[in-house]
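3D model of this:
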Amino acid sequence: MDNVMNFVENKLMPPMLKLSNQRHLNAVRDGLIATIPITVIGSMFLLIPYIPWPQSYVEFMGNNPDLVSKLILPFNMSMGLLSVYATFGIGARLAKSYKMDSLTGGVAALFTFMTTLSFTTLEQGTFLSTKYLGGEGMFSGIITAILAVEVMRLCKKHRIGIRLPEQVPTNVSSSFEVIIPVFFSMTIVWIIVHLIGFDLNALISDLVTPLLSVSSNSIAAPLIYVGLTCVMWLFGIHPQILATVMLPIWLVNSEANMAAAQAGQAVTNIGVQPFIFTFLWIGGGGGTLALCLLMCFSKSKFLKKLGRLSIIPGFFNINEPLLFGLPIVLNPALAIPFAIAPLVNTFITYFAFTSGIVPGMAYPLAAVWTVPSVFAAVIATASIRGAVLVVVNFFVYLGIYYPFFKAYERKLVTQEGEESKNEIDLTQAVIEE
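Take a look at the predicted model:
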């Protein structure tokens, strides 16, 4: 065990720490996180007209297509334009990390991304296709946002830009300074896409995105994600970097699931965020709500008090009090169940979805990670069977954590008994004196 801990601490963790502080990945993470409010709201509006029960409600919505079209408008304006919002956010965050104007960075990123698109002229007028403005254009948006801001940075570094006198207001002069770098980034994309004819959006949509989606739908993707997350938490490292890498893929798959549900087609993608955050992280990373429940009835005064203080946050999937207060971090006594139990439930959850026992996650973005898992599962799947799967996984966690918890409890009870005895002996010694 010591050899494994030393390997992880000395070999595995340093590159992971370095990667977690990588500027561009952090910008992508922050830019995508900024879209959470609109994606949640849009997903909720999509869920409203397609709730599968009761039958009278389903029939009412079926007989009122105009109402349905109005209800899904927020969805189309959020998920249908997701790449627009994400590109702006990524550009703004990356520019801010370089101590450049974030608003200018966001605008430059968005302008560069929009240059990858083309207008179509019909008899009714000229239109801009929305095909790549949603999830399909996500990776193009990430690439063009990084390109635009990096060109801005290089031009600033080499003092390439239009310089105005100091008397000119700062907001005006800063806008003129970036005209040349924005022109460079836009022109690069324009030449590649429109002159050379290399369609970046089509390439990513037809090749890269499906490849990533397929890999994320395999059993390997959640196993790797869950395993690395647990290892990082055990060493006190927040695994946000892993979510940053997966978030664009989850968003693309989520949009595909919701579009399929809207069209009445089968929902096939399991590589979406609720697979991990709703069905596996019951109580937080490592599925610690079961451990928290065991602590509430512990013979150890410390465990009982901490468990009762942590049970409400744990119900909302916040488990930092256990990770750092129990602690689970750097605690070999609880490391095995913390790492093994989520992997076991990964197989169970994967089988439940691929076998059709639990319906697909048609509304994954409506299931926010802070919503208690048993409720979020119903929202994500629009089925009570989602909640049943959460309950099954919870009892699996309970069974795996139990023997390790009891061993750890006995150790603490013994320590508390010795401390109590020492306090009594000290008190008697003071009285005798």
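
where in the chain is the helix or strand with the lowest mean pLDDT?
helix 2-7 (a mean of 60; mean pLDDT, DSSP states H and E).

okay, domains of this structure per the record?
1-25+218-433, 34-216 (automatic domain parsing).

the stretch 201-350 of the chain: helices as residue ranges?
209-216, 220-234, 240-262, 273-277, 289-296, 301-315, 320-325, 332-354 (DSSP state H, counting those that start in this stretch).

closest to residue 157 out of the ones you listed?
helix 240-262 (26.1 Å; Cβ to Cβ). For every residue, glycine as well, the C-beta is placed using N, CA and C.

may I see the buried residues of that closest one?
Of all the residues in helix 240-262, those buried under the rule 16 or more other Cβ atoms under 10 Å are 240-244, 246-262.

then stretch 195-210?
Using 16+ other Cβ under 10 Å as the test for burial, stretch 195-210 gives 199-201, 204-205, 209.

in CSV: the residues you listed, plus pLDDT.
Formatted as CSV, those follow (pLDDT from 0 to 100):
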residue, pLDDT
199, 89
200, 88
201, 89
204, 81
205, 74
209, 66
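
so which of those comes closest to residue 187?
residue 200 (14.5 Å).

what's the closest one in contact with, if anything?
Counting by Cβ atoms under 8 Å, 6 or more residues apart in numbering, residue 200 makes contact with 116, 140, 143, 189, 192-193.

ok, 7 Å please
116, 140, 192-193 (Cβ atoms under 7 Å, 6 or more residues apart in numbering).

select only the buried ones of those in ChimeraX?
For the buried members of those, the matching ChimeraX selection, counting by 16+ other Cβ under 10 Å, is:
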select :116,140,193
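
can I get the contacts of residue 200 in a markdown table with pLDDT and secondary structure?
Formatted as a markdown table, the contacts of residue 200 follow (pLDDT from 0 to 100; DSSP: H, G, I helix; E, B strand; the rest coil):
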| residue | pLDDT | secondary structure |
| --- | --- | --- |
| 116 | 96 | coil |
| 140 | 93 | helix |
| 192 | 95 | helix |
| 193 | 95 | helix |
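
turn the contacts of residue 200 into JSON lines, including distance to residue 418.
Formatted as JSON lines, the contacts of residue 200 follow (distance: Cβ to Cβ, whole Å):
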{"residue": "116", "distance to residue 418": "68"}
{"residue": "140", "distance to residue 418": "63"}
{"residue": "192", "distance to residue 418": "71"}
{"residue": "193", "distance to residue 418": "72"}
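
farthest pair within the contacts of residue 200?
Most distant of those, by Cβ to Cβ, are 140 and 192, 11.4 Å apart.

ok, which stretches of this protein are strands?
119-122, 125-128 (DSSP state E).

want to throw the ones you listed into CSV with distance to residue 267?
CSV is the format used below for those (distance: least, Cβ to Cβ, whole Å):
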stretch, distance to residue 267
strand 119-122, 30
strand 125-128, 29
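
mind checking which of those strands is nearest residue 351?
So among those, strand 125-128 is nearest, using Cβ to Cβ, at 43.2 Å.

closest to residue 79 out of the helices of the stretch 201-350 of the chain?
helix 240-262 (5.2 Å).

what helices or strands is that closest one leaning on?
helix 13-20, helix 23-33, helix 36-47, helix 138-157, helix 209-216, helix 220-234 (3 or more Cβ pairs under 7 Å, 6 or more residues apart in numbering; DSSP states H and E).

which non-adjacent residue is nearest residue 161?
Leaving out its chain neighbours, the residue that sits closest to residue 161 by Cβ to Cβ, 6 or more residues apart in numbering is residue 177, at 4.2 Å.

what does residue 230 give?
Nearest to residue 230 is residue 339, by Cβ to Cβ, 6+ apart, at 4.4 Å.

hang on, the one you found packs against residue 228?
No - using Cβ atoms under 7 Å, residue 339 is not in contact with residue 228, being 10.3 Å away.

what's the longest helix in this protein?
helix 384-432 (DSSP state H).

that one to helix 289-296, inter-axis angle?
On the basis of axes from the mean of the first three to the mean of the last three Cα atoms, to 10 degrees, helix 384-432 is oriented at 30 degrees to helix 289-296.

got the angle between helix 384-432 and helix 301-315?
150 degrees.

give the other helices and strands that helix 384-432 contacts.
helix 289-296, helix 301-315, helix 332-354, helix 373-381.

figure out which of the ones you listed is closest to residue 234.
With Cβ to Cβ as the criterion, residue 234 lies closest to helix 332-354 of those, at 5.4 Å.

what does the closest one contact?
Counting by Cβ under 7 Å, 6+ apart, 1, 219, 222-223, 226-227, 230-231, 234, 270, 275, 279-280, 286-287, 328, 358, 360, 389, 392-393, 396-397, 400-401, 404, 407-408 sit against helix 332-354.

roughly how far does the closest residue to residue 315 other than its chain neighbours sit from residue 277?
Ranked by Cβ to Cβ, 6+ apart and with sequence neighbours excluded, the top spatial neighbour of residue 315 is residue 372, at 5.4 Å. As for residue 372, its distance to residue 277 is 12 Å (criterion: Cβ to Cβ, to the nearest Å).

between the two, who's got more neighbours?
residue 277 (24 against 16; other Cβ atoms under 10 Å).
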